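1. okay, predicted coordinates and the sequence, questions at the end:
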Amino acid sequence: MNSPALPTGEPFPALRIQHLCFPVQALDGTTLQIGARLQLPVLDGPGPAVVIAHGSNGIDSRGQAHALDLNRAGIATLEIDMWGARNLAGGSEGRPTAAWETLPDIFGAFAVLAAHPGVDARRIGIVGFSWGGVMSLLSAGRNSHDLYLDAGQQFAAHAAFYPACWIYNNVPGYEFRDLTGASILVLVGELDRYDDPGESGPELIAHLDPADRAHIQTVVYPGAEHGFNMFEAPYTYRDPMLHRGQGGEGRSAPHPEAREAARQTLVQFFEKALAVEMDSP
């Protein structure tokens, strides 16, 4: 889980960094050891935290870039490695069959953070990219929380980058309704090939109940493609989920203007969503 050098030009925050593993029970009953990198800002007391879930290619520049942004804002991060535990190479052909298969990973990460003395269990969020973005949205449903968390526990905020908006409530296993009421932020590129051009944000919320729709904020970045917040070079790939499930060739490419705008938007979102006033004991 080596971190790439990032051209942020900003000072690094004072952090306590820990590499750890935690067990989760996969849906087939086997126990997996999920690797993770915890970056904990030095604070006076328990603070907010965010789980970071990678995309189909595995850990890359996106996770660390957003982690450091959040760390500078006083928010701890736990970036998980879902493929390492499964000996998967990543990519559209080297990942599990369905995103919901890795839901135990993110709820296991929630449990790790909730038990940490430096984290306020009521102020834990999640952000994911592509595959991880799908997981972030799926974890916003009450059904998922009931399966994996104790009563009274839930993610306080969900952020998803380009999470293939067309699949929800259209493909079995990707139900997105009866939400917990936590704040949700969806960031997509106008030219993302998983959805129709310009339809990612509207597609996601069009058929939701008004009560669920009220908790979702969508941002569409003009001219941006899938992976717009990465620092790596553009690349193409094939994925059966592209073009609303028709399959074909996709493209991930950095878009510097959209990337920098999204980095600021993400921090502002979590600063607001996780700023829970502490109750008196």
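-> Perfect, thanks for sending it.

2. use CA for all of it now, contacts and neighbours both
-> Will do.

3. residue ranges with poor pLDDT in the stretch 101-250 of the chain?
-> 198-201 (pLDDT under 70).

4. residue boundaries of the strands in it?
-> 119-129, 157-161, 183-189, 216-221, 235-238, 249-252 (DSSP state E, counting those that start in this stretch).

5. reformat those strands into TSV and put mean neighbour count and distance to T31 next to each item.
-> Conversion of the strands of the stretch 101-250 of the chain to TSV gives the following (neighbours: other Cα atoms under 10 Å; distance: least, Cα to Cα, whole Å):
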stretch	mean neighbour count	distance to T31
strand 119-129	25	23
strand 157-161	27	26
strand 183-189	25	30
strand 216-221	18	34
strand 235-238	12	31
strand 249-252	17	33
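
6. out of those, nearest to G35?
-> strand 119-129 (16.2 Å; Cα to Cα).

7. mind listing the strands the closest one pairs with, and their directions?
-> strand 47-53 (parallel), strand 157-161 (parallel) (DSSP bridges).

8. OK, contacts around the closest residue to E249 other than its chain neighbours?
-> Once flanking residues are discounted, E249 sits nearest to R238: 4.5 Å by Cα to Cα, 6 or more residues apart in numbering. Contact partners of R238, counting by Cα atoms under 8 Å, 6 or more residues apart in numbering, are S92, G247, G248, E249, G250.

9. quick one, longest helix in this protein?
-> helix 256-273 (DSSP state H).

10. now it against strand 216-221, angle please.
-> Angle, helix 256-273 to strand 216-221, by axes from the mean of the first three to the mean of the last three Cα atoms, to 10 degrees: 160 degrees.

11. packing partners of helix 256-273?
-> Helices and strands touching helix 256-273, by 3 or more Cα pairs under 8 Å, 6 or more residues apart in numbering; DSSP states H and E, are helix 61-72, strand 157-161, strand 183-189.

12. and the gap between S56 and R251?
-> Distance, S56 to R251, using Cα to Cα, to the nearest Å: 13 Å.

13. swap in L185?
-> 23 Å.

14. repeat that for G227.
-> 8 Å.

15. now swap in L88 and tell me
-> Distance from L88 to R251, by Cα to Cα: 21 Å.

16. now M82
-> 23 Å.

17. if we can go back for a sec, distance to D60 added to the strands paired with strand 119-129, as JSON lines?
-> What follows is these, written out as JSON lines (distance: least, Cα to Cα, whole Å):
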{"stretch": "strand 47-53", "distance to D60": "11"}
{"stretch": "strand 157-161", "distance to D60": "14"}
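
18. circling back: and the helices and strands packed on helix 256-273 as JSON lines, adding distance to F129?
-> Below are the helices and strands packed on helix 256-273 laid out as JSON lines (distance: least, Cα to Cα, whole Å):
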{"stretch": "helix 61-72", "distance to F129": "8"}
{"stretch": "strand 157-161", "distance to F129": "5"}
{"stretch": "strand 183-189", "distance to F129": "10"}
